[in-house]
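Participant: missing the sequence, but the structure's below:
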């Protein structure tokens, strides 16, 4: 019951905001995800390929799956038949593999460029210059099935609202820059995925179009799963 209430809380909070809720279901069991699903949630985010594949096989087929964790190229083939969006694209080589698998399965795959915005060495992501280099490359311009729909960032794990605002603002400004320079005519380039359970309200205020929320929906994670 608590999961359904939490979903309803976020649905109310995001109403008319232009922002969507990605329910982060990593390590959560089937029953918990179905509680969220039955409350109306259809978009779920997973960190690990193996876990996402196992869940996709058993859960309702109208779920929109987003891969939000670091993705190795040799694992793209497992999620390519069904994944809606890969939020964690952090290299041209990964993008090329996604394109190859998208062609193989004859379907478009949405991608977000993961931008390094945190002051932490443990995070993955592209610099602004690396993102622009990818988008300007002939290899990217030749791609037919990959669709870059926006950017994603993971902020520093801090309670400093000043720091968080700075990082979210950086990502929003970079999004605007990339839109102007590379996607001016493309309405599909519209997503800014930023904000999690602890900082989503700040992210919303700074222009997030997707928040990735796990513990505020499902409670503490069960790492035994």
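Facilitator: It's in. Remember, it's a predicted structure, so these values are computed and weren't measured experimentally.

Participant: mind naming the longest helix for this protein?
Facilitator: Using DSSP state H, we find that the single longest helix of the chain is helix 161-182.

Participant: centroid-nearest residue for this structure?
Facilitator: residue 87 (3.7 Å; Cα atoms, centre = their mean).

Participant: mind listing what that one touches?
Facilitator: By Cβ atoms under 8 Å, 6 or more residues apart in numbering, residue 87 lies in contact with 45, 66, 67, 68, 111, 112, 114, 152, 193, 212. The C-beta positions use only the backbone N, C-alpha and C, and glycine is treated the same way.

Participant: isn't residue 4 right up against residue 37?
Facilitator: No. Residue 4 lies out of contact with residue 37 (Cβ atoms under 8 Å); the separation is 9.9 Å.

Participant: if you count what's nearby, which of those two comes out ahead?
Facilitator: The neighbour comparison of residue 4 against residue 37 (other Cβ atoms under 10 Å) goes to residue 37, with 21 against 16.

Participant: low-confidence ranges in this structure?
Facilitator: Scanning the chain for pLDDT under 70 picks out the ranges 1, 122-123, 221-225.

Participant: if we use 50, what do you get?
Facilitator: Residues of the chain meeting the criterion pLDDT under 50: 224-225.

Participant: so where do the strands sit in the chain?
Facilitator: Secondary structure of the chain (DSSP state E): strands at 20-24, 43-46, 64-67, 85-89, 109-115, 146-153, 191-193, 210-213.

Participant: now do the fourth one against strand 109-115, angle only.
Facilitator: Going back to what we said before, that points to strand 85-89. Here strand 85-89 runs at an angle of 30 degrees relative to strand 109-115 (axes from the mean of the first three to the mean of the last three Cα atoms, to 10 degrees).

Participant: parallel or antiparallel, list what pairs with strand 85-89.
Facilitator: Sheet pairing of strand 85-89 (DSSP bridges) gives strand 64-67 (parallel), strand 109-115 (parallel).

Participant: list the contacts of the last one.
Facilitator: The reference is to strand 109-115. So strand 109-115 is contacted by 80, 83-90, 95, 98, 101-102, 124-128, 131, 134, 145-154, 171, 174, 178, 188, 191, 193 (Cβ under 8 Å, 6+ apart).

Participant: flag every buried residue along the longest helix of the chain.
Facilitator: Residues of helix 161-182 classed as buried by neighbour count (16 or more other Cβ atoms under 10 Å): 164, 165, 167, 168, 170, 171, 172, 174, 175, 178, 182.

Participant: can I get the contacts of residue 87 in a markdown table with distance to residue 30 and neighbour count?
Facilitator: Below are those laid out as a markdown table (distance: Cβ to Cβ, whole Å; neighbours: other Cβ atoms under 10 Å):
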| residue | distance to residue 30 | neighbour count |
| --- | --- | --- |
| 45 | 16 | 24 |
| 66 | 18 | 25 |
| 67 | 19 | 25 |
| 68 | 19 | 27 |
| 111 | 28 | 25 |
| 112 | 27 | 23 |
| 114 | 28 | 26 |
| 152 | 27 | 26 |
| 193 | 25 | 29 |
| 212 | 20 | 23 |
